[in-house]
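> Pasting the sequence and the predicted model now:
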Amino acid sequence: MILENIKDFEWYNEPKNVTFGGHEMTVTPWERTDFWQSEQHGFAKDDGHFFFTLKNGDFISVVKWRFNAPEHFNQCGIMLRADAKNWFKASIMCESQDNSELGSCLTINGVSDWAGVPVFENLECLWYKIVRRGDDYVAFYSVDGENFIRLRQFYMEPKTEKVAIGAYICSPQGGGFEAVLDEVDVF
């Protein structure tokens, strides 16, 4: 990540700690942070950490995170937000060291869903990409940064020209999680 690339980025909910290395940013989230909405169950969390820029029109965004086997529902990935009740996230998420998922969550009008697929290898980094064309969005992931696999296609409500796009991290149950953000580009 080149510092010039992040000059227009800001934090929504600043994390516990951020340190800069040569070309990366190490991020430590606060414990018990998350992005999840379930109005029908009276549960709303909007206190995870989101490093974003605002973007109009069509774009491609790529995010790369490095991590050490996240546990206890810790997450680091890519996020797109129209507002606090309408957003999308995709990330690695683990219940335990042996049970990891590559998941995505689309929240529309304050109701979140979850779609996950098991991860059968010990991953230490992942790339995520979101492509916007008009009102259509497509999310991808990659284990090598070159070959991207479609994860999900979706739309956002409300349909808006300007959205927030970038990297997110959270630690719903805590436990000393940190991850390294190597890349966050929007073009």
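Sure, I can see it. In this text, all values refer to a predicted model and were calculated from it rather than measured experimentally.
> Excluding chain neighbours, what is closest to residue 21?
residue 180 (7.8 Å; Cβ to Cβ, 6 or more residues apart in numbering). The C-beta positions use only the backbone N, C-alpha and C, and glycine is treated the same way.
> what's the pLDDT at the one you found?
pLDDT, residue 180: 97.
> mind listing what's buried in stretch 32-42?
Buried residues in stretch 32-42, counted by 16 or more other Cβ atoms under 10 Å: 33, 34, 35, 36, 37.
> Just flag the most distant two among those.
The span of the buried residues of stretch 32-42, defined through Cβ to Cβ, is set by 33 and 37 at 14.2 Å.
> Which of the helices or strands spans the residue nearest to residue 21?
Residue 180 belongs to strand 179-186 when elements are defined using DSSP states H and E.
> next one: that strand to chain centre, how far?
10 Å (Cα atoms, centre = their mean, to the nearest Å).
> What is the burial count for residue 59?
18 (other Cβ atoms under 10 Å).
> Also the one 3 residues further on?
Applying the criterion other Cβ under 10 Å, we find 19 residues in the vicinity of residue 62.
> how about it, what does it touch?
127, 128, 129, 183, 184, 185 (Cβ atoms under 8 Å, 6 or more residues apart in numbering).
> Please apply the same query to residue 139.
Contacts for residue 139 (Cβ under 8 Å, 6+ apart) come out as 78, 88, 90, 104, 128, 129, 130, 150, 151, 152, 153, 154.
> Write a PyMOL command that selects only the buried members of those.
Entered in PyMOL, the line below selects the buried ones among those, by 16+ other Cβ under 10 Å:
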select buried, resi 78+88+90+104+128+129+130+151+152+154
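> Turn the contacts of residue 139 into TSV, including secondary structure and pLDDT.
Formatted as TSV, those follow (DSSP: H, G, I helix; E, B strand; the rest coil; pLDDT from 0 to 100):
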residue	secondary structure	pLDDT
78	strand	98
88	strand	98
90	strand	98
104	strand	96
128	strand	98
129	strand	98
130	strand	98
150	strand	96
151	strand	96
152	strand	96
153	strand	97
154	strand	96
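> From the contacts of residue 139, pick the one nearest residue 169.
Nearest to residue 169 among these, with distances taken as Cβ to Cβ, is residue 78, at 10.7 Å.
> Surely the closest one touches residue 89?
Yes. Counting by Cβ atoms under 8 Å, residue 78 touches residue 89, with 7.0 Å between them.
> Overlap of the contact sets of these two?
Common neighbours of residue 78 and residue 89 (Cβ under 8 Å, 6+ apart) are residue 168.
> Next one: residue 45 from residue 101, what distance?
Residue 45 sits 18 Å away from residue 101, going by Cβ to Cβ, to the nearest Å.
> Fine by me, we can end here.
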